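A structural model of the following input is requested.
(chains A, B, C and D)
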Number of protein chains: 2
Amino acid sequence: MARKTGSHSQITGPKVQQAASKLFARHGFAAVSMRQIASEVGVQAGALYLYTPDKQSLLFDLMQGHMQDLLTAWEAQEKGIGPLAQLEAFVRFHIGFHLDRPDAVFIAYMELRNLSEENFAVIEELRKRYEDVLEGILREGQQAGVFAVPDTKLAMMALIAMLTGVNTWYREGGRLSRDKVEEIYWDMARKAVAG
Amino acid sequence: MARKTGSHSQITGPKVQQAASKLFARHGFAAVSMRQIASEVGVQAGALYLYTPDKQSLLFDLMQGHMQDLLTAWEAQEKGIGPLAQLEAFVRFHIGFHLDRPDAVFIAYMELRNLSEENFAVIEELRKRYEDVLEGILREGQQAGVFAVPDTKLAMMALIAMLTGVNTWYREGGRLSRDKVEEIYWDMARKAVAG
DNA sequence: TGTTTATCTGAACATGCGTTCATTTCAAAG
DNA sequence: CTTTGAAATGAACGCATGTTCAGATAAACA
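Below you'll find the predicted structure:
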């Protein structure tokens, strides 16, 4: 039995990505089998290979897509003028974007070691581009005398770790609204780099 | 052939833990086989079961040991008097302790989802005990008017994420000494919660 | 209506998995 | 010098893995 009703390729393709994303985030890349992904999609394992050359590409495509979305979304973001306004924009953007995609974020941070060497290099390059955004803001603020950061690379790492950490505890419908969380984190970030 | 020279049980036991720790940290729990661990130890796979009932226990014991070491080490730590001194002690302790054990830290953060339900509950309880330490310091400082943190839980999460993040980039013999890193992070942490 | 073609099945492949266990080895105890 | 028993081997167990592919199916086109 194959292809019961209608043409499915444009439906099944995205479904495979979504199923992989969900399962990789929940159980980890290595712990998820192609048969599990197929089952989640509602298809036999062999059919997955119409949409991906192999399991590794499934992971890589998810991560690359996520990182590219991140960079694209930042470019489209209202940033304001001056280091302080830009830092606030970055803080709020980072928290919001990451809370919108918990699965993709989880995968992007946890499954780096399951990438092949070449694929890893690609993802790391994209990650570096994003980190450079924040480091640039901090450097400008430092030079303008608005921030007091003895080491922009360290401050950048510290801030990103702090902001990304929101994903580990935030739950929709919890004690605090997203806006309130953004506000509190922005307050801490601002003070942490303040002159 | 078995047991070439001398009695090995008191050597092999720790070796198994060390090999598992190293390999789990590098490749992830699910991606490491008992045969790989055995090979790292210099033994056949069957011999591992003289030292652990199963693979899951190997992971659990590593994580439980790490969390207990963490709590014990904090108790033995010089803490100083007052919220500010205690926060500084915590920041420096956290960074130092975690940089000393990169593999264990990596495992403790990445492999939670590979724990059985009961084992997960045990580790989470230990983690909560550690988080409560920092939250307690922040609460005291808030009440004493030394800190200005609108939400102690959020501030605690933000600080711990920031501090633990050091492990992702710090390399021994790099640009900055450990002491310098501790100092910069302490500066940021202090300012972030300052009144 | 008949033909084509994209989509999917289901079985098969070799390989590796966690775990068990009868057997072997050999340092130490008697 | 013999006995003992801890420590390790190595083969085996059933099962799951990623991937391939010939064949089946049904929608789209002529």
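
what's the domain layout of chain A?
According to automatic domain parsing, chain A comprises the domains A:1-52, A:55-193.

tell me the most buried of those domains?
Each of the domains of chain A was assessed for mean neighbour count using mean count of other CB atoms under 10 Å in any protein chain shown. The highest is domain A:55-193, with a mean of 17. Just so you know, the C-beta spots here come from the backbone N, C-alpha and C atoms, and that holds for glycine as well.

is any residue of that domain near DNA strand C?
No - Domain A:55-193 does not reach DNA strand C (CB under 7 Å from any atom of the strand); its nearest approach is 13.8 Å.

any idea of the mean pLDDT in that domain?
Domain A:55-193 shows a mean pLDDT of 97 in the predicted model.

for it, the distance to its chain's centre please.
Taking the mean of its C-alpha atoms, domain A:55-193 sits 8 Å from the chain's own mean (CA atoms, centre = their mean, to the nearest Å).

run through who's touching the strand or helix carrying residue A:72.
Per DSSP states H and E, residue A:72 falls inside helix A:55-75. With CB atoms under 8 Å, 6 or more residues apart in numbering or on different chains as the contact definition, helix A:55-75 has outside contacts at A:16-17, A:20-21, A:24, A:29, A:34, A:37, A:48, A:52, A:90, A:93, A:97, A:101, A:104-105, A:107-108, A:111, A:114-116, A:119, A:122-123, A:126-127, A:129-130, A:133.

contact partners for residue A:176?
A:184, B:151, B:154.

among those, which are located in helices?
Under the assignment DSSP state H, the contacts of residue A:176 contribute A:184, B:154 to helices.

ok, the contacts of residue A:176 vs DNA strand C, which is closest?
Nearest to DNA strand C among those is residue B:154, at 38.8 Å by CB to the nearest atom of the strand.

wait, that closest one touches residue A:182, no?
No - the pair residue B:154 / residue A:182 is not scored as a contact, 11.2 Å apart, by CB atoms under 8 Å.

tilt between the longest helix along chain A and helix A:55-75?
Looking across chain A with DSSP H, the single longest helix is helix A:117-143. For helix A:117-143 against helix A:55-75, the angle by axes from the mean of the first three to the mean of the last three CA atoms, to 10 degrees is 20 degrees.

and helix A:117-143, what does it pack onto?
Counting contacts by 3 or more CB pairs under 8 Å, 6 or more residues apart in numbering or on different chains; DSSP states H and E, helix A:117-143 is packed against helix A:55-75, helix A:83-100, helix A:152-164.

the second one packs against which elements?
Pointing back at helix A:83-100 there. Going by 3+ CB pairs under 8 Å, 6+ apart, helix A:83-100 lies up against helix A:55-75, helix A:117-143, helix A:152-164, helix A:166-169, helix A:178-193.

contacts only, for the closest residue to residue A:47 other than its chain neighbours.
Leaving aside its sequence neighbours, residue A:47 sits nearest to residue A:38 (CB to CB, 6 or more residues apart in numbering or on different chains; 6.6 Å). Contact analysis of residue A:38 by CB under 8 Å, 6+ apart lists A:44-45, A:47-48.

so residue A:163 sits right up against residue A:185, yeah?
Yes - counting by CB under 8 Å, residue A:185 is a contact partner of residue A:163 at 6.3 Å.

still on that earlier bit, got JSON lines for the helices and strands packed on helix A:117-143, with distance to DNA strand D too?
Listed next are those as JSON lines, based on distance: least, CB to the nearest atom of the strand, whole Å:
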{"stretch": "helix A:55-75", "distance to DNA strand D": "4"}
{"stretch": "helix A:83-100", "distance to DNA strand D": "27"}
{"stretch": "helix A:152-164", "distance to DNA strand D": "28"}
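
looking at these, spot the one closest to residue A:177.
helix A:83-100 (11.3 Å; CB to CB).

who touches that closest one?
With CB under 8 Å, 6+ apart as the criterion, helix A:83-100 contacts A:70, A:73-74, A:77-80, A:105, A:133-134, A:137-138, A:140-141, A:144, A:146-147, A:159-160, A:163-164, A:166-167, A:170, A:178, A:181-182, A:185-186, A:189-190, A:193.

at the geometric centre of chain A, which residue sits there?
The residue lying closest to the centre of chain A (CA atoms, centre = their mean) is residue A:105, at 3.7 Å.

just send the domains of chain A back as JSON lines, with distance to residue B:65 too.
Shown next, in JSON lines, are the domains of chain A (distance: least, CB to CB, whole Å):
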{"stretch": "domain A:1-52", "distance to residue B:65": "22"}
{"stretch": "domain A:55-193", "distance to residue B:65": "22"}
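
need the contact list for residue A:14.
Under the criterion of CB under 8 Å, 6+ apart, residue A:14 has no neighbours.

ok so it is a strand residue?
No - going by DSSP: H, G, I helix; E, B strand; the rest coil, the assignment for residue A:14 is helix, not a strand.

from residue B:159, how far out is it?
39 Å (CB to CB, to the nearest Å).

repeat for residue A:40
With the distance defined as CB to CB, residue A:40 ends up 38 Å from residue B:159.

ok, residue A:133 next?
23 Å.

picking that back up, make CSV out of the helices and strands packed on helix A:117-143 and add distance to residue B:61.
Converted to CSV, those look like this (distance: least, CB to CB, whole Å):
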stretch, distance to residue B:61
helix A:55-75, 29
helix A:83-100, 33
helix A:152-164, 28
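
and the residue lying closest to residue A:23 once chain neighbours are set aside, how far from DNA strand D?
Spatial nearest neighbour of residue A:23, excluding adjacent residues (CB to CB, 6+ apart): residue A:32 at 4.5 Å. From residue A:32 across to DNA strand D, the span is 6 Å (CB to the nearest atom of the strand, to the nearest Å).

contacting residues around residue A:32?
A:20, A:23-24.

one more: residue A:166?
With CB under 8 Å, 6+ apart, residue A:166 has these contacts: A:95, A:98-99, A:181, A:185, B:157.

mind doing that once more with 7 Å?
By CB atoms under 7 Å, 6 or more residues apart in numbering or on different chains, the contact list for residue A:166 reads A:95, A:98-99, A:181, A:185.
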